[in-house]
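>>> sequence and predicted structure are below.
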Amino acid sequence: MTSTNTSQERREKHKIELRSKILDAARELIVDQGVDQFSMRKLAAKIGYTATAIYFHFADKETLIQELVDLDFIKFREQFDGLEQKADPIERIRLMGLAFVSFFSRNPSHFRFLFMTPNLKMVPSAKVVTQGNPAEDNYCLLKSTVEEALAQNRFREELRDSDEICQILMAVVHGVVSNHISHLPGSPSVDRISPGRTNGSECHHRGNSRLAATTGGDEMNRLTAIGLGLFIFAVPGCKKEIEEAREIIRPVKVTQVRYGQTTDRASYTGVVKARYEAELAFRASGKILSRKVELGQRVKAGQVIAELDPQDYVLSMKASEASLAMAEADAKQAIADEVRNRDLVRGKAISPADYDRYRAVADAQIKRVEQAKSQLDISRNKLIYTTLKADHDGVITNLMFEVGKVVAEGTPIVVVSRTDELEAVVAIPENRVTVAQTAKASVELWSDKDRKFAARLRELSPNADPITRTYTARFHIEKPTEEVRLGMTATVHLDSLDVGRQLVTLPLSAVYDSGKGPRVWVVDPKTGKLTSREIRVKEYHQDTILIASGLQVGDHVVTGGTQKLDEGLTVRVVLDKP
């Protein structure tokens, strides 16, 4: 059992490391080549993996870039934690500037990605930044601090617009960082910097347009000069300020451990397919004379799809009719001869042997008539087979012929998919096969994420794909509407109740890895001291992690900013909402 758990932990750890490796490589590629030139294929080549492996972690290019934006902004936002404890707004602004310059000077690739990448239109998602909330939105935190200083008349008289002051400050810190990283090897031109890309908030976008109109050439120099006149970032006292910031008792969000049954959800992306797909073919050979359908057209049972040239089959049928007529005439004559000789043999005018020959001829001619009738039926059927009709209602999903093509008997030329029974086809990893067989399934369409359809597992492949090591599963969609169409992107959600050992679910941000396996920070609620605790992970999900051991009921676990904490550090506990 221990060996199995250890193996599973190694796989999960490898999954996290691979995901991190993919994101780091993607950041480098985008910085070097830009968003427009970035592709999953180039990313796969860079890290030495197949594109399939990357798609196993990220649905598409946009999803990957969005997660990278979210990740870098989370790291950036964490630099401002605890600064709200400073009562003096000017001092708070100075420390915010120091935090900005310090972080991006240490992480130049993050700065280049977020602020120097042309056409990077993505902003942090709602799960990362709540727009207009100073607790999460860095720009709005800066603006609220500036407005507080304005209320205290701490700025020059000519500076009364909070948005303008914010843009000046942003220009200063962007200028300091860009000047620093421009001297690093392989640095791109600082002309590509977009100082306005700070956190994607509504406040930020309003100020961005003003900055974009006033930060060119001499105007940028003027703004930088004014900003440096207001705030000094590189004097001997800076080190002291940084030490003061470090000594602040930081507030941290924590959650209290509660064990119990957990609802385990896994999601897999696939496509909508028909349960029944028939490849139709002519039951005769010949040259295709006409085509009656188009790709994507709906057809009814019995509707004509295509026709062969029937001339040869018409002639064959006529020949069979003539053969039948000849056989019937011969049979009629043979039967008459047999009847006449029957009387003669009774009168002993002929020998019994002679009569037997007449009777044999009559029987043979009767059989020839039956044979000719069968041949005529075959000829008539062949003529009928020159017209290909749909066996059932459905949609034409593939056409493999054109008019004039000569096809052999039985060669598929069209695929008709039935739409009365639709399925979502997905790939299930080997560690989730058992769950897939018992979990409650639902299907969500990419085109309409607000609606879900009940589903049930109909078929699970007995063999894994030799490359991806996944099992193909087909989920029957219950009561699909007309909006559910073949080929649509569908996500299958599997919900199962874990009724085994007691487990706890934590946000993924609560777990960090210092090279010794997954760990979490536990806070002593009495002293506020931090302790690093080793844990055993059962499963990783997109935003959460399922923990099997290492924690006790009532433990207070830090849920964010884990990479910036140290053993024994004193923090202020802020209970996170469940």
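Cool, got the structure. Since the structure is predicted, the reported quantities are computational estimates derived from the model, not experimental observations. Residues are numbered from 1 along each chain as shown.
>>> quick one: low-confidence ranges for this structure?
1-7, 122, 182-249, 259-264, 497-503, 541-542, 561-563, 577-578 (pLDDT under 70).
>>> how's it carved up into domains?
The chain resolves into domains spanning 59-247, 254-264+498-575, 266-275+417-496, 278-308+389-414, 310-385 when parsed by automatic domain parsing.
>>> between those domains, which one is closest to residue 40.
If you check each of the domains of the chain against residue 40 by CB to CB, domain 59-247 wins as the nearest, at 5.8 Å. Using the backbone N, CA and C atoms, a C-beta is placed for each residue, glycine as well.
>>> secondary structure element for the residue positioned nearest the centre of the chain?
The C-alpha lying nearest the average C-alpha coordinate of the chain belongs to residue 59 (CA atoms, centre = their mean; 2.7 Å). Secondary structure here is read from DSSP states H and E; on that basis residue 59 sits in neither a helix nor a strand.
>>> residue contacts, it?
residue 269 (CB atoms under 8 Å, 6 or more residues apart in numbering).
>>> how close does it get to residue 329?
When distance is defined by CB to CB, to the nearest Å, residue 59 is 76 Å away from residue 329.
>>> again, but for residue 352
Distance, residue 352 to residue 329, by CB to CB: 28 Å.
>>> of these two, who's got more company?
Between residue 352 and residue 329, counting by other CB atoms under 10 Å, residue 329 is the more crowded of the two (12 against 8).
>>> what's the offset of stretch 475-491 from the middle of its chain?
Relative to the centre of its chain, stretch 475-491 is centred 16 Å away, using CA atoms, centre = their mean, to the nearest Å.
>>> quick one: buried residues of it?
Of the residues in stretch 475-491, those scored as buried under the neighbour-count criterion (16 or more other CB atoms under 10 Å) are 475, 476, 477, 480, 484, 486, 488, 490, 491.
>>> nearest to residue 463 among the residues you listed?
Proximity of those to residue 463 was ranked by CB to CB; the top entry is residue 475 with 18.5 Å.
>>> element containing the closest one, please.
Assigned by DSSP H and E, residue 475 belongs to strand 470-477.
>>> in its sheet, what does that strand sit against?
strand 422-429 (antiparallel), strand 448-460 (antiparallel) (DSSP bridges).
>>> Serialize those strands to a markdown table and add fields for distance to residue 105 and mean neighbour count.
Output for the strands paired with strand 470-477, formatted as a markdown table (distance: least, CB to CB, whole Å; neighbours: other CB atoms under 10 Å):
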| stretch | distance to residue 105 | mean neighbour count |
| --- | --- | --- |
| strand 422-429 | 41 | 22 |
| strand 448-460 | 40 | 14 |
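>>> which stretch among those strands approaches residue 348 most closely?
Between residue 348 and the strands paired with strand 470-477, the shortest separation by CB to CB is 78.3 Å, and it involves strand 448-460.
>>> what's that closest one in contact with?
Strand 448-460 is contacted from outside by 275, 423-424, 428, 433, 436-437, 441-445, 471-480, 483-484, 492-493, using CB under 8 Å, 6+ apart.
>>> pull the number of nearby residues for the residue lying closest to residue 364 once chain neighbours are set aside.
Nearest residue to residue 364, sequence neighbours excluded (CB to CB, 6 or more residues apart in numbering): residue 334, at 7.5 Å. For residue 334, the number of neighbouring residues by other CB under 10 Å comes to 20.
>>> and residue 334, which helix or strand is it part of?
Element membership of residue 334, judged by DSSP H and E, is helix 311-346.
>>> so which elements touch that helix?
Identification of packing neighbours for helix 311-346 by 3 or more CB pairs under 8 Å, 6 or more residues apart in numbering; DSSP states H and E yields helix 352-385.
>>> check which helices and strands the helix it packs on sits against.
Secondary structure elements in contact with helix 352-385, counted by 3+ CB pairs under 8 Å, 6+ apart, are helix 311-346.
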